[in-house]
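Q: let me see the structure of the following:
(one chain, ligands or ions: 1)
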Amino acid sequence: MRTVTVSTPGKLMLFGEHAVVYDRPCLVTAVDQRMRVTIELTEEKVLMLDAPDVHVSGFVKPMDALGTGETPKGAQFVEVAIKNFLTKHPFSGGLKVSTASDFSSLFGFGSSSASTACVVKALAELSGKKMSQKQLFDISYKTVLDIQGKGSGFDVAAAIYGGTLYFVTGGKIIEPLKVKDMPLVIGYTGVKADTVTLMREVGEKMKAHPERVNRIYDAIAKLVEDAKGKMAEGDWERVGKLMDFNQEYLRDLGVSSEKLEALISTAKSAGAWGAKLSGAGGGDCMIALHPDGASGKRRIEDAITKVGGQVIHPDLIGAQGARVEA
Ligand code: PMV
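A: Sure thing, here's the model as predicted:
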């Protein structure tokens with residue numbers, strides 16, 4: 001029986017979180033800590049799933065029951081991604097799926113979106129379908145919406161396309177950018193962010209104060225356009241300033257946290273050109289841009305470690321998108 005292994009990178013939001021859920025652009029980069037999914041075609045018409053990184057082992061469900069009944073949380077994205085793929089491109093038989101990740105599902109690098117994109121790419125390979133990145137994106141994004149109800153799709157875009165992207169809600173624009181040597185520091189707060197809850201809270205603010213929140217989003221959108229240009233020029237000092245402005249707006253939206261603020265102000269005191277939260281907020285990671293090459297980077301990393309942050313080192317920013325491994 002045929003087997004394929006696909007890997008996808010994790011992601012890191014650089015600019016524009018939350019605003020991108022409401023028809024504005026964001027900037028996202030893929031990080032080379034990868035999710036791997038192996039899928040084997042089987043004769044028996046059941047899905048078998050092992051996903052140790054999200055504590056799922058020996059999950060079995062008949063193929064014709066996918067998307068119905070009880071499913072452990074960690075298995076939902078894989079199950080619904082398979083269902084959505086097969087609805088568009090049916091083939092018979094069963095599937096044995098296993099997942100493995102380089103990164104902890106806690107960091108906010110997007111393990112659910114990375115595994116969703118892996119599954120869709122692997123099924124495209126197994127079924128012999130020639131599918132564009134946009135077609136893979138559309139099935140993956142539908143999966144995110146089916147499960148979360150809301151979301152921009154920036155994370156599945158990063159997993160499929162890789163690199164650094166200028167992205168507009170729902171994949172209206174997915175534009176790869178040429179960005180070199182981003183002097184990035186990543187600090188994990190130790191707190192897992194709850195993206196769905198934060199999106200709901202922000203959604204309630206939007207309902208209660210649409211003018212105010214739309215003003216914030218318009219300002220963030222402007223800043224994203226500015227950052228896009230400055231990143232291409234490699235003007236990291238200016239990009240750092242823009243990160244500071246973006247962080248002020250996120251604070252206004254109420255999605256920052258004490259722990260994030262502690263890491264951000266520590267990074268700034270240690271010389272960072274700018275720093276902000278990355279992702280939904282409330283926890284996950286802080287990102288900063290450092291001056292002075294390796295010594296500037298170490299200075300900031302040492303400082304954030306001292307205040308309880310965990311420095312994360314992806315091997316590469318702007319990593320390759322979904323690829324077949326075997
Ligand atoms: O929590 P993360 O890293 O998945 O980022 C969420 C970013 C949001 O803009 C809040 C949601 C989205 O889908 O764009």
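Q: from Thr164, how far out is Val179?
A: For Val179, the distance to Thr164 equals 5 Å [C-beta to C-beta, to the nearest Å]. Placement of C-beta: from N, CA and C, glycine included.
Q: now do Ser269
A: 28 Å.
Q: ditto for Gly234
A: Distance from Gly234 to Thr164, by C-beta to C-beta: 12 Å.
Q: neighbour-wise, which of those two wins?
A: Using other C-beta atoms under 10 Å as the criterion, Gly234 and Thr164 rank with Thr164 on top: 26 against 14.
Q: mind listing the shared neighbours of Gly234 and Thr164?
A: Common contact partners of Gly234 and Thr164 (C-beta atoms under 8 Å, 6 or more residues apart in numbering): Val179.
Q: how about the residue in the stretch 151-300 of the chain that the ligand sits nearest to, nearest residue that isn't a chain neighbour?
A: Relative to the ligand, the nearest point of the stretch 151-300 of the chain is Gly279 (2.6 Å; C-beta to the nearest ligand atom). Spatial nearest neighbour of Gly279, chain neighbours left out: Gly108 (4.6 Å); criterion: C-beta to C-beta, 6 or more residues apart in numbering.
Q: repeat that for Pro72.
A: What sits nearest to Pro72 in space, not counting adjacent residues and going by C-beta to C-beta, 6+ apart, is Val56, at 5.4 Å.
Q: repeat that for Lys228.
A: Nearest-residue entry for Lys228: Tyr166, 5.5 Å, with adjacent residues in sequence omitted and distances by C-beta to C-beta, 6+ apart.
Q: need the pLDDT of that neighbour.
A: You'll see Tyr166 listed with a pLDDT of 98.
Q: can you give the distance of the strand or helix carrying Ser115 from its chain's centre?
A: Using DSSP states H and E, Ser115 falls within helix 111-126. Remark: helix 111-126 is offset 14 Å from the chain centroid, using C-alpha atoms, centre = their mean, to the nearest Å.
Q: report all helices and strands that it contacts.
A: Judged by 3 or more C-beta pairs under 8 Å, 6 or more residues apart in numbering; DSSP states H and E, helix 111-126 is in contact with strand 3-15, strand 25-42, helix 76-88, strand 94-101, helix 133-148, helix 154-161.
Q: show me what the fourth one is packed up against.
A: With contacts taken as 3+ C-beta pairs under 8 Å, 6+ apart, strand 94-101 sits against strand 25-42, strand 46-51, helix 76-88, helix 111-126.
Q: what lines up beside it in the sheet?
A: The pairing partners recorded for strand 94-101 under DSSP bridges are strand 25-42 (antiparallel), strand 46-51 (parallel).
Q: and the lengthiest helix in the chain, what's buried?
A: With DSSP state H setting the assignment, residue counts place helix 210-233 as the longest helix in the chain. For helix 210-233, burial by neighbour count (16 or more other C-beta atoms under 10 Å) applies to 213, 216-217, 219-221, 223-224, 226-228, 230-231.
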